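> below is the sequence, then the predicted model.
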Amino acid sequence: MSAAFGQVDPLGSSNPAKYKLADLPSELVAVELATGKDSFQSLMMMSMSSMDIRGTGETVPKISSEVMFEMMNMVWMSKDQALGNSEFMVGYKLDLPMAKVRTAGKDDLVFRITYIRRSTIISITPREDYSPSALRELAKGPTAPVGTVPQRTATLSNIKQISTAMVIYLADSDDIFPYVQGTPQLFKLLMPYCKNEEIMKTLNPAGGMFRFNMSLAGVNSTEIAEPANTVMFYESEPWADGSRCVSFADTHAKVVNPEEWAKLQPSLNLKLKRVGKPIPPRVAR
């Protein structure tokens, strides 16, 4: 039996209730909150009913403690609550004893209604990678670490810097992309413009690497019809939520979701005129 969301009296209920992951409406958004030192005084655990929700007894995989610790700092709420200006923000917070963080599984993901005084909030960071639908996928089986906001921010910064190095290279080569035969070879050519090997790495916990769109090798950049929609560099492996960091031929970069990535993939197989001959390989692919 699912909980009847949307019928909450902020001050009217005294019976604590728990809600399973399956009860969380998909339209809720996850936000990571930073609050003032007195914010604990404004946290009030409320309830909408007195029902007791327990696990089904099924065998479920353990969820990594890294993921669980991140979730402890999040609240799931409606977009109206996240963007509103009422005195309190109403949401659903993970209800998990610290002793169970390292052994938690799917059936340990239960939530209580929480009220946070808006005036105590210092910052709100949306976390699309922890949406209710993403959490349900996370709970289906053994999972890789989702990655943190700093990791994704650093990865996006790295791919932007590689793209900037390519722009400088193009200025020195009559706007022609190097006619390389693999991404490692390209990175070796770009090193004088980067001067830092670390920016050529993704911090995605799933692994992978940055790859160059090889259909641009040896191509005059001015011949690209839609540079803003043509991939230049991309992550070879998606993050746990299916997203990737991608940079484009017009040099902008962003995180794209799975649907956006599917639309971009044809740009990895462009048939464009190449200039000159391939550069002999100096490093392995």
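Good, I have the coordinates.
> from here on, contacts and neighbour counts on C-alpha atoms
OK.
> which SSE is immediately downstream of the one helix or strand residue 254 maps to?
Assigned by DSSP states H and E, residue 254 belongs to strand 253-256. Remark: after strand 253-256, the chain's next helix or strand is helix 258-264, criterion DSSP H and E.
> mean confidence for that following helix?
Here helix 258-264 scores 94 as its mean pLDDT.
> got the CA positions of it in CSV?
Presented in CSV, the C-alpha positions along helix 258-264 are these (Å, rounded to 0.1, in the frame of the first residue of the first chain):
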residue,chain,number,x,y,z
PRO,A,258,21.1,9.6,-22.0
GLU,A,259,18.4,11.0,-24.3
GLU,A,260,20.6,13.9,-25.3
TRP,A,261,23.6,11.6,-25.8
ALA,A,262,21.6,9.4,-28.1
LYS,A,263,20.8,12.4,-30.3
LEU,A,264,24.4,13.4,-30.4
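> ok, residues contacting it?
Residues outside helix 258-264 that contact it (C-alpha atoms under 8 Å, 6 or more residues apart in numbering) are 229-231, 242-244.
> okay, helices next: where are they in the stretch 101-250 of the chain?
132-138, 149-172, 183-194 (DSSP state H, counting those that start in this stretch).
> nearest to residue 152 among the contacts of helix 258-264?
residue 244 (9.2 Å; C-alpha to C-alpha).
> tell me if I'm right that that closest one and residue 233 touch.
No - Residue 244 is beyond contact range of residue 233, at 10.5 Å (criterion: C-alpha atoms under 8 Å).
> so where's this structure uncertain?
Scanning the chain for pLDDT under 70 picks out 1-17, 36-66, 98-106, 140-146, 282-285.
> that one: strands as residue ranges?
19-20, 29-35, 44-46, 74-77, 88-94, 110-117, 121-126, 210-212, 231-235, 244-248, 253-256 (DSSP state E).
> excluding chain neighbours, what is closest to the spatially most central residue of the chain?
For the chain, residue 129 is the residue whose C-alpha lies nearest the centre (C-alpha atoms, centre = their mean; 4.8 Å). Distances taken as C-alpha to C-alpha, 6 or more residues apart in numbering put residue 241 closest to residue 129, at 5.3 Å, once the chain neighbours are dropped.
> state the number of residues packed around the nearest residue to residue 89 once chain neighbours are set aside.
Leaving aside its chain neighbours, residue 89 sits nearest to residue 116 (5.2 Å; criterion: C-alpha to C-alpha, 6+ apart). Burial of residue 116 is recorded as 22 neighbouring residues (other C-alpha atoms under 10 Å).
> now residue 116: how far from residue 153?
Distance of residue 116 to residue 153, computed by C-alpha to C-alpha, to the nearest Å: 27 Å.
> and what of residue 247?
14 Å.
> and those two? Which one has more around it.
Between residue 247 and residue 153, counted using other C-alpha under 10 Å, the more crowded position is residue 247 (27 against 14).
> what bridges to the more buried one?
On the basis of DSSP bridges, residue 247 is bridged to residue 233, residue 253.
> does residue 197 touch residue 191 like I think?
Yes - counting by C-alpha under 8 Å, residue 191 is a contact partner of residue 197 at 7.3 Å.
> compare these two (neighbour count), which wins?
residue 191 (14 against 11).
> distance of the more buried one relative to residue 163?
Residue 191 sits at a distance of 12 Å from residue 163 (criterion: C-alpha to C-alpha).
> in TSV: the helices of the stretch 101-250 of the chain, plus distance to residue 201.
Below are the helices of the stretch 101-250 of the chain laid out as TSV (distance: least, C-alpha to C-alpha, whole Å):
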stretch	distance to residue 201
helix 132-138	25
helix 149-172	7
helix 183-194	11
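> quick one: which of the ones you listed is nearest residue 20?
For residue 20, the closest of the helices of the stretch 101-250 of the chain is helix 132-138, at 10.6 Å, according to C-alpha to C-alpha.
> ok, and for that closest one, which residues are buried?
The neighbour-count criterion (16 or more other C-alpha atoms under 10 Å) identifies 132-133, 135-136, 138 as the buried residues of helix 132-138.
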